[in-house]
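Novice: sequence? don't have it. structure:
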């Protein structure tokens, strides 16, 4: 006869930030699954805001989350609002307003990188064509 183990009873440990008793609000911008290592940068100066940067497998760095001190921001109607100019500036650069998920965790879209979407610009395309014509002219002269 095989003895079966009883399922564990009791409470599991809460994930960080879900209890709502920390010192920071966390604004998640990108999923942490796409990063392999993380580093915290203090970008707020006196405001104390921190940027959680993640390194991708290809070596590039990007913002995974923002950590905003609770004494520099407040929750109003399910969104996070900055109390100081520095925090307001950080929140304005996000792609959407930070919406509350659970506890101290908020979710926002990353800022839109319009510059990269509109490339190559018409001016860049013209320069490319000129360079190709120059290279072809040099080949003709050599040959």
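Specialist: Here it is on my side, so go on. Model, not experiment: these values are computed from the prediction.

Novice: residues contacting the lengthiest helix in the chain, please?
Specialist: Looking across the chain with DSSP state H, the single longest helix is helix 122-142. Contacts with helix 122-142, where a contact means C-beta atoms under 8 Å, 6 or more residues apart in numbering, come from residue 120. Glycine gets a C-beta too; all of them are placed from N, C-alpha and C.

Novice: can you check stretch 81-97 too?
Specialist: Residues outside stretch 81-97 that contact it (C-beta under 8 Å, 6+ apart) are 27, 29, 43-47, 49, 66, 68, 71-75, 79-80, 98, 108-112.

Novice: residues of it that come out buried?
Specialist: Buried residues in stretch 81-97, counting neighbours by 16 or more other C-beta atoms under 10 Å, are found at 82, 84, 86, 87, 90, 91, 94.

Novice: now do the end-to-end distance for that stretch.
Specialist: For stretch 81-97, the first and last residues are 9 Å from each other (C-alpha to C-alpha, to the nearest Å).

Novice: re earlier: show me which pair in the buried residues of stretch 81-97 is furthest apart.
Specialist: Greatest spatial distance among the buried residues of stretch 81-97 (C-beta to C-beta): 84 and 94, at 16.1 Å.

Novice: which residues of this structure fall in helices?
Specialist: Secondary structure of the chain (DSSP H): helices at 85-92, 114-117, 122-142.

Novice: could I get the ones you listed in TSV, plus columns for mean pLDDT and distance to residue 21?
Specialist: As requested, those are arranged in TSV below (pLDDT from 0 to 100; distance: least, C-beta to C-beta, whole Å):
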stretch	mean pLDDT	distance to residue 21
helix 85-92	91	20
helix 114-117	60	39
helix 122-142	93	52
